[in-house]
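K.L.:
No sequence on hand, only this structure:
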């Protein structure tokens, strides 16, 4: 990475894809997506692309250091389950190692899966187990094989999650692809969107991934690890191109597109969401305030032309260009059966997507 100042470059979507490298795995990933979409077309299913998790910005070609964000993929993984429950086929495009549908219920950090397993009382003590089944040797044939069971308190929930997981895989309605860097994300989004264009209005985009706003072009990356002995590090990055514009106008003009807007200042949340709709012309922006995003969101959408004015005492009065639809749940949820706000978000979006399909 050069320490000398450079002239900032503005990337359009077109110039980005002309200058930044295609990921090596892209063709194989898209071959799988193509086959999945064809199967769903034959079954006459609607398909939703759910993007989830954060993107990295590498600082080196041989990546050791990178910039990242805090997204764990909770909203995307949770929402994917509700889409599947509603009968949609889901392409789950997620950050590698982020939360995934179904397995999210047993996160290694908040709900460790091994805590819910027990070893049969036939071998009650750990010392007995260790002596009978040393890590380095297979169990002797005369030793009784211990049985692994699920703790009584967790069986009902695990059965419900496992049954849904097995049903989805039997139906073949979930396809997973992963990314790490913002470059991988952008190439995948374009390629998947083009594949989904054959679905027409049956395609939905639920763009919940936390995508980096800035990046370093490959041409300016250091080949090897940046050395700390040189003192302070100054990095000047370029802006990631606004990818919603070509998605709406070129890649899939008939798709029903839902984007997300996260802000820490709630006073600018709705204006920024409205600006995005004005600029890109898609269907819905879901606004999140950082500190209340698990319990309150707002869906901002354009008001149909037919509803943009109404008569009051015979006088035509202009109405707001954008409608707000708030979704809130009680933040104090019971621990044994908590309500997830994604359930209500997806329920509302399904109504709107159905209206979009019928409007064709």
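P.N.:
Okay, I see it. A quick note: this is a predicted structure, and the numbers were derived from the prediction, not measured. Numbering: from 1, shown residues only.
K.L.:
residue ranges for the strands of the stretch 51-200 of the chain, please.
P.N.:
57-58, 66-67, 89-95, 117-119, 148-150, 174-179 (DSSP state E, counting those that start in this stretch).
K.L.:
Would you tell me which one of those is buried the most?
P.N.:
Counting by mean count of other Cβ atoms under 10 Å, strand 89-95 has the highest mean neighbour count of the strands of the stretch 51-200 of the chain, with a mean of 25. Every C-beta, even on glycine, is put in place using the N, C-alpha and C of the backbone.
K.L.:
circling back to that earlier point, which one, of the strands of the stretch 51-200 of the chain, ends up nearest to residue 337?
P.N.:
Residue 337 lies closest, by Cβ to Cβ, to one member of the strands of the stretch 51-200 of the chain: strand 148-150, at 18.0 Å.
K.L.:
tell me which strands and helices that closest one is in contact with?
P.N.:
Secondary-structure packing of strand 148-150 (3 or more Cβ pairs under 8 Å, 6 or more residues apart in numbering; DSSP states H and E): strand 117-119.
K.L.:
Partner strands of the strand it packs on and their direction?
P.N.:
Sheet pairing of strand 117-119 (DSSP bridges) gives strand 148-150 (antiparallel).
K.L.:
ok, back up a step: among the strands of the stretch 51-200 of the chain, which comes closest to residue 350?
P.N.:
Of those, nearest to residue 350 by Cβ to Cβ is strand 89-95, at 12.9 Å.
K.L.:
Please state the offset of that closest one from the chain centre?
P.N.:
How far strand 89-95 lies from its chain's middle: 7 Å, per Cα atoms, centre = their mean, to the nearest Å.
K.L.:
Who are the packing partners of it?
P.N.:
Using 3+ Cβ pairs under 8 Å, 6+ apart: strand 89-95 touches helix 26-42, strand 47-52, helix 74-85, strand 174-179, helix 182-196.
K.L.:
which of those sits most buried?
P.N.:
Per stretch, and counting mean count of other Cβ under 10 Å, the top mean among those goes to strand 47-52, which has a mean of 27.
K.L.:
Can I get the helices and strands packed on strand 89-95 in CSV including mean pLDDT and distance to residue 157?
P.N.:
CSV is the format used below for those (pLDDT from 0 to 100; distance: least, Cβ to Cβ, whole Å):
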stretch, mean pLDDT, distance to residue 157
helix 26-42, 98, 29
strand 47-52, 98, 22
helix 74-85, 98, 13
strand 174-179, 98, 20
helix 182-196, 98, 32
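K.L.:
Present these as TSV; the columns should include distance to residue 352.
P.N.:
Shown next, in TSV, are the helices and strands packed on strand 89-95 (distance: least, Cβ to Cβ, whole Å):
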stretch	distance to residue 352
helix 26-42	20
strand 47-52	12
helix 74-85	13
strand 174-179	22
helix 182-196	18
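K.L.:
Mind putting the strands of the stretch 51-200 of the chain into a markdown table with distance to residue 327?
P.N.:
Formatted as a markdown table, those follow (distance: least, Cβ to Cβ, whole Å):
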| stretch | distance to residue 327 |
| --- | --- |
| strand 57-58 | 32 |
| strand 66-67 | 32 |
| strand 89-95 | 21 |
| strand 117-119 | 36 |
| strand 148-150 | 34 |
| strand 174-179 | 25 |
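K.L.:
of all the ones you listed, which lies closest to residue 12?
P.N.:
strand 57-58 (19.0 Å).
K.L.:
count of neighbours near residue 330?
P.N.:
9 (other Cβ atoms under 10 Å).
K.L.:
what about the helices and strands packed on strand 89-95, which gets the closest to residue 297?
P.N.:
helix 74-85 (9.4 Å).
K.L.:
quick one on the thing from earlier: and the strands of the stretch 51-200 of the chain: which comes nearest residue 107?
P.N.:
strand 89-95 (14.1 Å).
K.L.:
Each with direction, which strands does that closest one pair with?
P.N.:
strand 47-52 (parallel), strand 174-179 (parallel).
K.L.:
how many degrees apart are that strand and helix 182-196 in direction?
P.N.:
Strand 89-95 runs at 170 degrees relative to helix 182-196, counting by axes from the mean of the first three to the mean of the last three Cα atoms, to 10 degrees.
K.L.:
average pLDDT for strand 89-95?
P.N.:
For strand 89-95, the mean per-residue pLDDT is 98.
K.L.:
Tell me who's in contact with the nearest residue to residue 191 once chain neighbours are set aside.
P.N.:
Spatial nearest neighbour of residue 191, chain neighbours left out: residue 30 (4.7 Å); criterion: Cβ to Cβ, 6 or more residues apart in numbering. Under the criterion of Cβ atoms under 8 Å, 6 or more residues apart in numbering, the neighbours of residue 30 are 191, 192, 195.
K.L.:
Nearest to residue 117 among these?
P.N.:
Of those, the one sitting nearest to residue 117 (Cβ to Cβ) turns out to be residue 192, at 36.7 Å.
K.L.:
so residue 105 makes contact with residue 116?
P.N.:
No: between residue 105 and residue 116 there is no contact under Cβ atoms under 8 Å: 10.2 Å.
K.L.:
Show the contacting residues for residue 176.
P.N.:
Residue 176 neighbours (Cβ under 8 Å, 6+ apart): 92, 94, 100.
K.L.:
what's across from it in the sheet?
P.N.:
Under the criterion used (DSSP bridges), residue 176 bridges to residue 92.
K.L.:
Then residue 259?
P.N.:
Beta-bridge partners of residue 259, as defined by DSSP bridges: residue 207, residue 285.
K.L.:
what's the distance between it and residue 330?
P.N.:
27 Å (Cβ to Cβ, to the nearest Å).
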